[in-house]
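> below is the sequence, then the predicted model.
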Amino acid sequence: MISLHNLARLPSGTRAIIDTNIFVYWVANHPKFGPACRQVIQRVESGDLEAVVPPVVLNELLHRLMIGEVIDQGLAGSVPEAIVRLKEDSSVIPKLSVPWEVYNALPEMGFLLPEQEKGFTDLTYSLSRRFSLMAKDAAIISFAQMHRIQHIISNDRDFGRVPWITCWHP
């Protein structure tokens, strides 16, 4: 059974994982989801929510922000072109600013960035198979289980297949 909840109803004091898409919608000022994601970020900054960002989310966020900035700078016209550009000309990477600014700002804004623990990979494989989750999603759920987190803020509806997770979406 898929259990999805409107983000506007997320109770104060909730401890939740923030998924990559929430950050991307916020940074990109997405026309549909941007306002709700901006509100979540503000709630974290004010201390109203306890937001946890697993390493797998940080890795994907870095990847997506790099691609987005390369496209925004006009160095590529599409995601595949941006990936090729970054791989063929790695000198572009240290010149980027958005990924580093966002990463450095997260702890200052109140986001918790814990490291992975022993047993993480085995649990990820197990949960991927059990709940039919893609690798990144299974890693997020593994992190949630290891840290006893029962909420996730995401626009990915696949998390609804995990019975002990409450998924809040914009």
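Yes, it's here.
> which residues does residue 149 contact?
15-17, 52, 143 (CB atoms under 8 Å, 6 or more residues apart in numbering). Backbone N, C-alpha and C define where each C-beta goes, glycine included.
> and the gap between residue 20 and residue 151?
According to CB to CB, to the nearest Å, residue 20 and residue 151 sit 16 Å apart.
> excluding chain neighbours, give the residue nearest to the residue nearest the centre of the chain in space.
Nearest residue to the geometric centre of the chain (CA atoms, centre = their mean): residue 20, 2.0 Å. Leaving aside its sequence neighbours, residue 20 sits nearest to residue 60 (CB to CB, 6 or more residues apart in numbering; 4.4 Å).
> what helix or strand does that neighbour sit in?
Per DSSP states H and E: residue 60 is located in helix 55-72.
> the closest residue to residue 79 other than its chain neighbours and residue 18, how far apart?
Nearest residue to residue 79, sequence neighbours excluded (CB to CB, 6+ apart): residue 67, at 5.7 Å. Residue 67 sits at a distance of 19 Å from residue 18 (criterion: CB to CB).
> looking at those two now, which is surrounded by more residues?
It is residue 18, of residue 67 and residue 18, that has more neighbours when counted by other CB atoms under 10 Å, with 27 against 20.
> ok, back up a step: generate a ChimeraX selection restricted to the buried subset of the contacts of residue 149.
Command for ChimeraX that selects the buried part of the contacts of residue 149, burial taken from 16 or more other CB atoms under 10 Å:
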select :16,17,52,143
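> so who does residue 138 touch?
124-125, 127-128, 131.
> 6 Å instead, please
If a contact means CB atoms under 6 Å, 6 or more residues apart in numbering, then residue 138 has 124, 127-128 as its contacts.
> neighbour-wise, which one of those leads?
Among these, residue 124 has more neighbours than the rest - 23 neighbours, counting by other CB under 10 Å.
> look up phi and psi at that residue.
Backbone torsions for residue 124, taken as degrees, to the nearest 10, come to phi -60, psi -50.
> ok, it to residue 54 distance?
As for residue 124, its distance to residue 54 is 11 Å (criterion: CB to CB).
> do a quick rundown of the helices in the chain.
20-28, 34-45, 55-72, 79-88, 98-109, 120-131, 135-146 (DSSP state H).
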